[in-house]
Structure formats: C-alpha cells, structure tokens
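Q: Fold the stuff below for me.
(one chain, ligands or ions: 1)
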Amino acid sequence: MTVDKNKLAWITGGGSGIGKALAIGLSGLGWHVIVSGRTESKLKLLSMEHSSIDYLVLDVTDKLANVKVFDSILNQWGSPSLVILNAGDYTPMAAENFDLDLIHKLNSVNYLGVINGLASALPAMKAAHKGQILIMSSVAGYCGLPDAGPYGATKAALINFAESLHIPLKKEGVLLRIVNPGFVSTKLTEQNDFKMPAQISAEKAAEKIINALDNDSFEITFPKRFTYIMKLLRCLPYRWYFYLVTKITGK
Ligand SMILES: NC(=O)c1ccc[n+]([C@@H]2O[C@H](COP(=O)([O-])OP(=O)(O)OC[C@H]3O[C@@H](n4cnc5c(N)ncnc54)[C@H](OP(=O)(O)O)[C@@H]3O)[C@@H](O)[C@H]2O)c1
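A: Below is the predicted model of the structure:
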C-alpha cells in the first residue's frame, strides 16, 4: 500500500487512552497510523473503524519484538516520520507496601520499553535524516511524589535520557521530544483515589500534542496551568518542597 511518507506514524500503546486518541486525531488529518500494544482485540477494532489505521501487536518489554515490528513497518509502509513511544503502565505504591516486583514491572514497560522502541526506530530514521520521536513521560517525572515512586522514577529516567539525546540526534536530523502531560482521564488514572487537579480528556491531550507537531520545542507539556506549578515545585529548596507536598497531598 502506498502512503504519504511525510504522514506516517507509529504509536505504541495505541489501543486505548491518549495513544488511541492520538491515532484517531492523526488519521483524521490524513496520516497513516500503525498502532501497537499487547491486546489485539482493541487494536483490531480501532483499525476496522478507521481505514488509515493499521496495527501490529507488540509487548514493548520484548526487545526483539520491537525490532521485528519496526522492520515490518519499514517493509510494508516505509520509515515513519513520527514515532510516539507512548505505551505505559501505572500502579500507585505506598511506602509501607514496598513492592519490588511492581518496581521491576513499571521499569521494564515505562522506561526500558520506550528505550526498546527507540532503539528499533533510530537506525532507519537517522538514515532518512528526518522525523520526530515523541517520548511519553509525565509531570510525575519532575519530582518525587508520595505513592508515585515506582512510576515517577521511570518518567524521570525518560526525561533525563531524552535530554541527553536531544542535541546529538538533532544533528542527525531526528527531533527527539518529551511529552509531559498532567492528569488525563484514562484507564490509567481511574485508579487514583484523590481529586486530580486540572484533569483533561484523552482527546484534549491528543489535540495538544498534535498541535505541537509543527514546532520543534523539546518539551510538550499541558495543561500549563497545572504543569508549570509542578515545574516551580521542583525548583524549590527541599525544605520548602517537602513542606508544600505534605500540605497539598496530606501525606
Ligand atoms: N493518564 C494520565 O494522566 C497520564 C499523564 C501523564 C502521562 N501519561 C502517560 O501516557 C501514556 C498512555 O497512558 P494512558 O493514560 O493513555 O493509559 P492507558 O489507556 O492505560 O494506555 C496505556 C497503553 O499502553 C499499553 N501498554 C501497557 N503495557 C504495554 C506493554 N508491555 N507493551 C505494549 N503496550 C503496552 C496498553 O495496551 P495493552 O494493555 O493492550 O498492551 C494501553 O493501550 C503512558 O505512558 C502514561 O504513563 C498518562
């Protein structure tokens, strides 16, 4: 099938939430989108409902499977101009319920899963000397928050990793960017038992990301009324930081 190479996107975790909203939003703008995730039924349904969305099943924690999926994209459609490494998982963990297996699981999906996708996409994108890669992190990666350690640490790692690669990859023609959303209503946040400030829909989040595709800023963050407060928090001396976090969260 012939597709416009300038409008070819691969989205991991594309079967639900922000990834699904991104796939639908991009396909509405004339993009051809390949979505990946573990649950074939969700991906298949999405693909059946949108003729410009195809799917390839993938568990991002499987290093070799990432390479195979990306090779399959190259063979069938060509090198994507946009890769969104969005697949992620979240479970809160109170310090008194320290769960080593959970920490390992979130690390392999959220951090190493993204690195696996990045490693599979980079050679072709560098050879093509074009394209952008969006890494889905979170404001939870800005600073350590109560009950969010196993999740926030993976997102902090992604921010750090992307910062370190942004300049060298730009020199090779590939724009590596970080996406740091605040609270978005998805299955992932359903499990939060607190009122989430400035929460937005997955469709609104997708719209913010898609609108930012035309610029080349390193970070895409929204809604700014919330994420800028989080940015400020991380700049405070620790004494003030911990005082405010305790006041705000009650923990
Ligand atoms: N919701 C928020 O407030 C928020 C805020 C900041 C950042 N984020 C980030 O946004 C991204 C998308 O999350 P979401 O909120 O849209 O939640 P979601 O609806 O639960 O989406 C997560 C997606 O990741 C996929 N996934 C999970 N583990 C995977 C694996 N091992 N291999 C491949 N795919 C996997 C899931 O599909 P399968 O289970 O079928 O594999 C699912 O489609 C995540 O990285 C999350 O950390 C979310």
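Q: Next up, the contacts around residue 241.
A: Neighbouring residues of residue 241 by Cβ atoms under 8 Å, 6 or more residues apart in numbering: 143, 233, 234. All C-beta spots, glycine's among them, are computed from the backbone N, C-alpha and C.
Q: is it true that the first one touches residue 233?
A: Yes - Residue 143 is within contact range of residue 233, at 5.9 Å (criterion: Cβ atoms under 8 Å).
Q: near the ligand, which residues of the stretch 51-200 of the chain show up?
A: Within reach of the ligand by Cβ under 6 Å from any ligand atom, the stretch 51-200 of the chain has these residues: 58-61, 86-90, 109, 113, 136, 138, 181, 183-184, 186-189.
Q: hmm, 5 Å instead?
A: Counting by Cβ under 5 Å from any ligand atom, the residues of the stretch 51-200 of the chain close to the ligand are 59-61, 86-89, 109, 136, 138, 181, 183-184, 186-189.
Q: Could you list which of those residues belong to helices?
A: Taking DSSP state H as the definition of helices, these contribute 187, 188, 189.
Q: Leaving out the residues flanking it, which one is nearest to the residue nearest the centre of the chain?
A: When the chain is reduced to its mean C-alpha position, the closest residue under Cα atoms, centre = their mean turns out to be residue 136, at 2.0 Å. With sequence-adjacent residues excluded and distances taken as Cβ to Cβ, 6 or more residues apart in numbering, residue 136 is closest to residue 86, at 4.2 Å.
Q: Looking at the contacts of residue 241, which one is closest to residue 40?
A: For residue 40, the closest of the contacts of residue 241 turns out to be residue 143, at 37.3 Å, with distances computed as Cβ to Cβ.
Q: show me what contacts the closest one?
A: Remark: with contacts taken as Cβ under 8 Å, 6+ apart, residue 143 is in contact with 152, 230, 233, 234, 241.
Q: just checking, residue 16 touches residue 186?
A: Yes - contact status for residue 16 versus residue 186: in contact at 6.9 Å, counting by Cβ under 8 Å.
Q: re earlier: kindly give the local confidence score, pLDDT, for the residue nearest to the centre of the chain.
A: What the model reports for residue 136 is a pLDDT of 98.
Q: for residue 1, same thing?
A: Here the pLDDT value assigned to residue 1 is 58.
Q: Residue 45 now?
A: Listed pLDDT for residue 45 reads 98.
Q: residue boundaries of the helices in this structure?
A: Listed in chain order, the helices of the chain (DSSP H) span residues 17-28, 40-49, 63-76, 100-106, 113-128, 149-171, 187-190, 202-211, 224-235, 238-249.
Q: do you know which of those lies nearest residue 34?
A: Each of the helices of the chain has some distance to residue 34 by Cβ to Cβ; the shortest is helix 63-76, at 5.6 Å.
Q: now the closest one against helix 113-128, angle please.
A: Relative orientation of helix 63-76 and helix 113-128, computed by axes from the mean of the first three to the mean of the last three Cα atoms, to 10 degrees: 40 degrees.
Q: so how far is residue 168 from residue 180?
A: Residue 180 sits 21 Å away from residue 168, taking Cβ to Cβ, to the nearest Å as the criterion.
Q: thinking again about what came up before, most surrounded residue in the contacts of residue 143?
A: When neighbours are counted by other Cβ atoms under 10 Å, residue 152 leads the contacts of residue 143 with 23 neighbours.
Q: Help me confirm that it comes into contact with residue 140.
A: Yes - if you go by Cβ under 8 Å, residue 152 and residue 140 touch, sitting 4.1 Å apart.
Q: Give the closest residue to residue 99 in space, chain neighbours not counted.
A: Skipping the residues right next to it in sequence, residue 99 comes nearest to residue 93 by Cβ to Cβ, 6+ apart, at 5.5 Å.
Q: Report the closest residue of the stretch 51-200 of the chain relative to the ligand.
A: Closest residue of the stretch 51-200 of the chain to the ligand, Cβ to the nearest ligand atom: residue 88 (2.2 Å).
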